[in-house]
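>>> I'd like to go over a predicted model; first the sequence, then the structure.
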Amino acid sequence: MERSARTSIDADRVLREMVDIAFKKPGKSLKMADKLRALELLGKHLGMFVKTIESSERQGYDVLLIPSPVDPESWAKAAQEYQAKIAREIDKENNGG
């Protein structure tokens with residue numbers, strides 16, 4: 001018997017669980033980081049992120065942020081934090097660090 005049949009776990013079940021996490025309101029049992037990670041994995045699964053090569057040393061993803069009607073302020077904050085992180089990395093590379 002195949003493992004997926006024994007455990008009742010298949011790709012569809014995993015995707016359904018990620019969708020459930022991704023579109024639930026964050027609360028006591030669900031942290032925003034878990035929600036963002038589930039959205040990231042779903043976005044990768046759907047091909048929403050395009051792999052780019054900026055130089056011979058640096059690789060990254062162009063990310064399409066989708067505002068959440070549940071909590072747009074959290075999305076804005078996460079986007080600003082990500083942009084600041086990228087800016088710090090670029091500054092570090094440009095200054096030989």
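Nice, I can see it. Numbers count the residues shown, from 1 in each chain.
>>> now the element after the helix or strand bottoming out on mean pLDDT in the chain, going C-ward?
Least confident helix or strand of the chain, by mean pLDDT, DSSP states H and E, is strand 59-62 with a mean of 57. With elements assigned by DSSP states H and E, the helix or strand that comes after strand 59-62 is helix 72-94.
>>> who are the packing partners of that following helix?
Where contact means 3 or more C-beta pairs under 8 Å, 6 or more residues apart in numbering; DSSP states H and E, helix 72-94 is packed against helix 32-45. Placement of C-beta: from N, CA and C, glycine included.
>>> middle-most residue in this structure, spatially?
residue 40 (2.3 Å; C-alpha atoms, centre = their mean).
>>> and that residue, how far from residue 77?
Distance of residue 40 to residue 77, computed by C-beta to C-beta, to the nearest Å: 16 Å.
>>> check contacts around residue 3.
Neighbour list for residue 3: residue 9 [criterion: C-beta atoms under 8 Å, 6 or more residues apart in numbering].
>>> now with 10 Å, please.
Each residue near residue 3 by C-beta atoms under 10 Å, 6 or more residues apart in numbering is listed here: 9-10.
>>> model confidence at it, what's the number?
As predicted, residue 3 sits at a pLDDT of 80.
>>> what of residue 75?
Here, the pLDDT recorded for residue 75 equals 67.
>>> where does the protein dip in pLDDT?
Residues of the chain meeting the criterion pLDDT under 70: 1, 50-72, 75, 97.
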